[in-house]
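K.L.:
Could you work out the structure for the sequence below:
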Amino acid sequence: MKTKVLLSAALALASHINAFAQWQKFEDFEGGNLNKWVFTQSDVGTTADSKVAIVADPDPAGAAKGNKVMLMYPGSPYPSDHRSRLIGRPPPIKYGTTGTLFYRWYTATVSRNGVQSPPEIDMNVGMSAVDIPTQYAESGPVTSYDVGSAEFRAYNGDPNPTNPAAVIGFQSIGTNRPNNVWVSQWFYVRNYSVVNQRQDYQVYIRVGDSGTPILVFPLVPGEFGGFRAKPDGDLNPEAAHLDVFYFTNTAGNIAAPQALDAAFFADDVYIDQEGINLTDPTGAGGAAGGSAGGSAGLVNISTRGEVQAGDKAMISGFVITGREPQKVLIRAAGPVLTRFGVAGALSRPVLSLVSYNGTAIAENTGWSTASNAADIATASASVGAFSFPTGSADSALLVTLAPGVYTARVTGATAATGIALLEVYTVAK
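P.N.:
This next block holds a predicted model:
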């Protein structure tokens with residue numbers, strides 16, 4: 001969708017939610033061994049020299065604290081079918097549930113003949129129901145750090161798990177991937193259909209140790225990942241589940257090696273088997289994190305911009321974390337902005353709310369027309385928002401939402417254009 005003003009950050013809305021009660025730690029590599037992992041290499045007719053090891057944190061700040069991380073050495077260039085894989089088995093995300101997997105990754109700038117360059121390494125990271133995934137069609141969520149396209153990409157799966165050839169392929173979710181900094185990544189996996197073995201996933205990242213997770217790979221309606229057959233070929237949807245988390249390193253080919261540098265590090269693998277969880281299990285901080293045993297407080301976001309006609313709407317994506325429903329106040333200020341000296345304010349904003357897959361939840365034009373207008377006024381005062389005049393064309397929604405991903409959208413009635421202010425608040429229960 002084209003937007004004049006696009007608030008692309010996924011806002012984590014939570015009220016007094018313990019940030020760590022739901023995460024299960026699978027691996028932080030501090031034990032000095034890889035007992036929870038299996039390292040495999042594809043047969044290329046010769047002995048490959050790639051390997052995996054536990055090393056000091058490449059970030060000087062982490063190294064100073066004694067932090068240990070995983071490093072995959074790509075080894076020498078081999079034929080293009082060579083793959084090295086590190087496979088772990090965190091608690092599974094089963095059919096009939098949703099879940100979130102978290103880990104951190106780091107790539108390091110390298111020096112070649114005195115010239116600083118991005119690392120030339122292909123790395124796929126994902127989840128699968130197959131013990132040793134050997135192709136994309138055997139995987140569920142996958143992200144890729146591709147040297148050929150110089151992109152950070154996501155593979156959005158196969159709409160038909162029984163036909164691995166019916167793949168959709170990769171989509172770029174960022175160019176010039178960050179180097180020399182830890183990037184936190186969340187895989188949020190949602191079951192769509194148990195019967196048809198369909199699931200979707202979304203990818204969130206945060207560069208550095210603070211800030212709100214950003215939704216970089218949203219759901220594309222009609223495009224699904226797919227739970228794959230288990231090793232015994234069992235396609236029973238009640239039994240299949242994602243129980244493998246893996247790192248795959250490719251050496252490219254001898255003519256064009258794609259893994260010259262030992263430059264991919266990973267750390268802190270956690271899983272939450274029940275729902276979306278965009279908190280930081282490491283306690284590093286940021287809008288969705290916090291300290292162990294702490295809680296997230298009130299979160300509010302707002303943006304002002306020009307709403308134009310057609311598909312040039314103003315939108316804001318936000319996420320409700322945790323297990324409990326959250327009351328949310330969403331407001332689209334238009335005419336009231338003239339009180340603050342804003343010229344060209346949108347005369348009649350239309351505020352709509354949709355779920356992650358585009359399903360309409362609520363809509364309002366003129367807040368006083370809402371059946372819960374009195375509650376909207378009370379909630380606005382409770383969160384410190386300025387009041388809307390009674391009977392004004394400013395719009396608002398006061399809704400209680402289950403944990404999940406949502407989008408608020410502002411357009412102009414009768415294709416009107418103008419300046420609007422879009423606000424999202426959490427409201428105490």
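K.L.:
got the phi/psi numbers for Phe247?
P.N.:
Dihedral pair for Phe247: phi -110, psi 130, per degrees, to the nearest 10.
K.L.:
That one - how many residues pack around it?
P.N.:
For Phe247, the count of nearby residues is 22 (other CB atoms under 10 Å). Every C-beta, even on glycine, is put in place using the N, C-alpha and C of the backbone.
K.L.:
what's the answer for Ser111, then?
P.N.:
9.
K.L.:
Repeat that for Pro325.
P.N.:
14.
K.L.:
residue boundaries of the strands in the stretch 201-350 of the chain?
P.N.:
Counting by DSSP state E, counting those that start in this stretch, the stretch 201-350 of the chain has strands at residues 214-217, 225-226, 241-242, 244-250, 264-272, 300-307, 313-320, 326-333, 349-355.
K.L.:
what about Ile376, which helix or strand?
P.N.:
helix 373-382 (DSSP states H and E).
K.L.:
and the helix or strand just after that helix, average pLDDT?
P.N.:
Once the chain leaves helix 373-382, the next helix or strand it forms, by DSSP H and E, is strand 395-401. Average pLDDT, strand 395-401: 95.
K.L.:
Compute the inter-axis angle for strand 395-401 and helix 373-382.
P.N.:
Using axes from the mean of the first three to the mean of the last three CA atoms, to 10 degrees, the inter-axis angle of strand 395-401 relative to helix 373-382 is 90 degrees.
K.L.:
Paired strands for strand 395-401, with orientation please.
P.N.:
strand 326-333 (antiparallel) (DSSP bridges).
K.L.:
Just the CA coordinates for the strand it pairs with, please, in PDB.
P.N.:
Backbone C-alpha positions of strand 326-333 (Å, rounded to 0.1, in the frame of the first residue of the first chain) are rendered in PDB as follows:
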ATOM      1  CA  GLN A 326      -5.400  -5.200  26.200                       C
ATOM      2  CA  LYS A 327      -7.700  -2.200  26.000                       C
ATOM      3  CA  VAL A 328      -6.500   0.200  23.400                       C
ATOM      4  CA  LEU A 329      -7.600   3.800  22.500                       C
ATOM      5  CA  ILE A 330      -7.000   4.800  18.900                       C
ATOM      6  CA  ARG A 331      -7.700   8.300  17.700                       C
ATOM      7  CA  ALA A 332      -7.600  10.200  14.400                       C
ATOM      8  CA  ALA A 333      -7.600  13.900  15.100                       C
END
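K.L.:
I'd like to check the angle between it and strand 349-355, please.
P.N.:
150 degrees.
K.L.:
Quick check: mean pLDDT of strand 326-333?
P.N.:
92.
K.L.:
Report the inter-axis angle for it versus strand 313-320.
P.N.:
Using the same axes, to 10 degrees: strand 326-333 against strand 313-320 is 160 degrees.
K.L.:
which residues sit against stretch 405-412?
P.N.:
Defining contact as CB atoms under 8 Å, 6 or more residues apart in numbering, one finds that stretch 405-412 is touched by 10, 188, 202, 215, 218-219, 276, 307, 309, 313-320, 330, 332, 346-356, 361, 395, 397, 418, 420, 422, 424.
K.L.:
Apply 7 Å and report the result again.
P.N.:
202, 307, 313-319, 330, 332, 346, 348-356, 418, 420, 422, 424 (CB atoms under 7 Å, 6 or more residues apart in numbering).
K.L.:
State the pLDDT value of Asp280.
P.N.:
Value for Asp280, per-residue pLDDT: 88.
K.L.:
Is it in contact with Ser184, as I believe?
P.N.:
Yes - counting by CB atoms under 7 Å, Ser184 is a contact partner of Asp280 at 6.5 Å.
K.L.:
follow-up on the earlier one: so for Val69, which of the strands of the stretch 201-350 of the chain sits nearest?
P.N.:
Closest to Val69 of the strands of the stretch 201-350 of the chain, according to CB to CB: strand 264-272, at 4.3 Å.
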